[in-house]
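Novice: everything below, folded, please.
(2 chains)
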Protein chains: 2
Amino acid sequence: MTLAIRFADIEAARERLRGVAHRTPVLTSRSADARTGARLFFKCENLQRTGAFKFRGAYNALAQFSPEQRARGVVAFSSGNHAQAIALAAQLLGIPATIVMPQDAPPIKIEATRGYGAEIVFYDRYREDREAIGRALAAERGLTLIPPFDHPHVMAGQGTAAAELFEDVGALDALVVCVGGGGLISGCAVAAKHLAPGCRVIGVEPEAGNDVQLSLAAGRIVHIDVPATIADGAQTQHAGQLTFPVIQALVAEIVTVPDAALVRAMRFFAERMKLVVEPTGALAAAAVFERLSLAGRRVGVIVSGGNLDCARYAQLLSSASP
Amino acid sequence: MTLAIRFADIEAARERLRGVAHRTPVLTSRSADARTGARLFFKCENLQRTGAFKFRGAYNALAQFSPEQRARGVVAFSSGNHAQAIALAAQLLGIPATIVMPQDAPPIKIEATRGYGAEIVFYDRYREDREAIGRALAAERGLTLIPPFDHPHVMAGQGTAAAELFEDVGALDALVVCVGGGGLISGCAVAAKHLAPGCRVIGVEPEAGNDVQLSLAAGRIVHIDVPATIADGAQTQHAGQLTFPVIQALVAEIVTVPDAALVRAMRFFAERMKLVVEPTGALAAAAVFERLSLAGRRVGVIVSGGNLDCARYAQLLSSASP
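Specialist: Take a look at the predicted model:
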């Protein structure tokens, strides 16, 4: 089966993102290494523009719009990091953006998205279907819909994070990546396959939302109910038609972590590494700290995002047991 | 008058720190730029080893010990970032370290210092004089006392932060630096004088602890009572005999900010830049956001540290008004 993206797509994405996306730093931590016995390299996508890796995929997709697509505009539905990523990428490229968001989205996210110049269309998450609204807007106004993960340009853009990491630190024994819909891990796995063929790519899902783990076991895409987890970026109900085959082909295993481990990892990031990391962004690190045995290995850890409300963050930091 | 350090001392410090200190990232923020009209470059010393710039000066000082000094050991008194910096630098160089700390220092700081292998000598901060204890230990055991700021090797080490910043981003119109005892700003000012002679070096003190501002006005070192401020790294009562002449000669002005501005800046760092910054570490940014007019300028901002207890951090984030 032909996979949706090849390494050449990631290389092309890197050219498009050059000077636009931040080349995020790779940080190391003596205390994290001491704790695991591994040599860990944290790729800090929480320090990416808009606070998450999502900007890479969004910009890579929008930069490939035809002149007509650019003139008409883009639409996306998301209450999270994809919305802000699309809004900023559109602003930078001079493309009108419409974002479909729930009425009760956090005010800080609404403001940020508006701050990037996007038009926001609200919907009632209990009564309306955001996908249907997005598709209707696309049809009525001739907008191009960019989904959050299941799109080759999005996947290739996300893969640039891993490509930069390998370029900075050389070959790795393992690369640990959070899994929502699979956009990030599929892009990263294609990069790893090419740049460090011996590297095991390991996915991490929240315990309550292990649909990709179930899907790999079943050999087909399994759908689950919206999982109850604080990792809101991984509350997807199923992997994508394009991302899942890449995961099947290139990801070595999927492990899961409970929410309490995410809070402990967030606290570690704050105390020892001085980084604000959102729950989803802490998935990979939590697995490295509490689930995986990686002593003696060189391991890449993608810190995927840092967007959360200050009050919520304060609450999670306070609730963590030491 | 001859200043305590020259640029050559900073260059020598850079050689000693190469491969030992982190070359900390310089981050930019679209929203910070939009807010100020300036182009801001944040030098993230909160991401330095031990979570603060202090490691630079500590290591630079200890690396210059004679074989006899190394064998006998180092002593320092500090409840803060200098203690951890000395402890780690000593561990890396195989030098025994003794740290004089108050009995009621935060457990996390005691643990971190012990984790670096230092011996801790406790004192009662209400009844005993830590300087006297430090000096007595130095005399009895033949230890070398390294003060937190008023030492040429410490000052030169701290100056490497500014040297790296200029190397990364080129000339700047202004460099904004927090001021406690003056170790960081004096080193940075010497670096700026040499690498970017047109750059205005601006110091920032907490409103309640403006001893250096008063000292510049008086033309001599003014002593104040321990200031009541959340910026515990700037609770110094007076500048140093070595740092003050450098500040007089090379610093353009000192401005002050109230504690509430520090909390707002910390919240900005968390929400928009995903960085954990301690109150002292937010001094320079708070001045840039709320006190200085820097529109159109290229400005360096030293983010000096990120060490604070999670519970305290959560409390400060929650208390901030939006």
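
Novice: and the lowest mean pLDDT element among the helices and strands of chain A?
Specialist: When each helix and strand of chain A is scored by mean pLDDT, DSSP states H and E, helix A:107-115 comes last, with a mean of 84.

Novice: what's the angle from the next helix or strand after that one to helix A:107-115?
Specialist: Sequence-wise, the next helix or strand downstream of helix A:107-115 (DSSP states H and E) is strand A:119-123. Going by axes from the mean of the first three to the mean of the last three C-alpha atoms, to 10 degrees, strand A:119-123 is angled at 140 degrees with respect to helix A:107-115.

Novice: what's strand A:119-123 in contact with?
Specialist: The contact list for strand A:119-123 (C-beta atoms under 8 Å, 6 or more residues apart in numbering or on different chains) reads A:96-103, A:110, A:113-114, A:130, A:133, A:137. Heads up, the C-betas are built off the backbone N, CA and C, glycines and all.

Novice: which parts of it are buried?
Specialist: Applying a neighbour-count criterion of 16 or more other C-beta atoms under 10 Å in any protein chain shown, one finds A:Ile120, A:Tyr123 buried in strand A:119-123.

Novice: continuing past it, what's the next helix or strand?
Specialist: As assigned by DSSP H and E, the chain's next helix or strand after strand A:119-123 is helix A:130-141.

Novice: enumerate the positions of that following helix that are buried.
Specialist: Applying 16+ other C-beta under 10 Å to helix A:130-141 flags A:Arg130, A:Ile133, A:Gly134, A:Arg135, A:Leu137, A:Ala138 as buried.

Novice: who wins on neighbours among the contacts of strand A:119-123?
Specialist: Using other C-beta atoms under 10 Å in any protein chain shown as the neighbour criterion, A:Ile99 leads the contacts of strand A:119-123 with 28 neighbours.

Novice: who's that one bridged to?
Specialist: Beta-bridge pairing of A:Ile99 under DSSP bridges involves A:Ala76, A:Ile120.

Novice: isn't it up against A:Phe77?
Specialist: Yes - taking contacts as C-beta atoms under 8 Å, A:Ile99 lies within contact range of A:Phe77: 7.3 Å.

Novice: what do these two both touch?
Specialist: Here A:Ile99 and A:Phe77 share the contacting residues A:Ala83, scored by C-beta under 8 Å, 6+ apart.

Novice: can you name the residues of the stretch 1-150 of chain A that neighbour chain B?
Specialist: A:His22, A:Pro25, A:Leu27, A:Thr28, A:Arg30, A:Ser31, A:Asn46, A:Leu47, A:Arg49, A:Gly51, A:Ile108, A:Gly115 (C-beta under 8 Å from any C-beta of the partner chain).

Novice: any low-confidence regions in the stretch 201-322 of chain A?
Specialist: Filtered on pLDDT under 70, the stretch 201-322 of chain A yields the residue ranges A:320-322.

Novice: for it, which residues are neighbours of chain B?
Specialist: Counting by C-beta under 8 Å from any C-beta, the residues of the stretch 201-322 of chain A close to chain B are A:267, A:270-277, A:306-307, A:310-311, A:313-315, A:317-318, A:320.

Novice: if we go to 6 Å?
Specialist: Applying C-beta under 6 Å from any C-beta of the partner chain, one finds that the stretch 201-322 of chain A approaches chain B through A:Arg267, A:Ala270, A:Glu271, A:Lys274, A:Val276, A:Gly306, A:Cys310, A:Ala314, A:Leu317, A:Ser318.

Novice: out of these, which sit inside helices?
Specialist: The helices, defined by DSSP state H, take in A:Arg267, A:Cys310, A:Ala314, A:Leu317, A:Ser318 from those.

Novice: out of those, which is nearest to A:Arg16?
Specialist: Using C-beta to C-beta, A:Cys310 comes nearest to A:Arg16 of these, at 33.0 Å.

Novice: my guess is A:Cys310 contacts B:Gln315. True?
Specialist: No - judged on C-beta atoms under 6 Å, A:Cys310 makes no contact with B:Gln315 at a distance of 11.8 Å.

Novice: who has more neighbours, the two?
Specialist: The neighbour count for A:Cys310 versus B:Gln315, taken as other C-beta under 10 Å, is higher for A:Cys310 (20 against 14).

Novice: elements contacting the least confident helix or strand of chain A?
Specialist: In terms of contacts (3 or more C-beta pairs under 6 Å, 6 or more residues apart in numbering or on different chains; DSSP states H and E), helix A:107-115 is packed against helix A:81-93.
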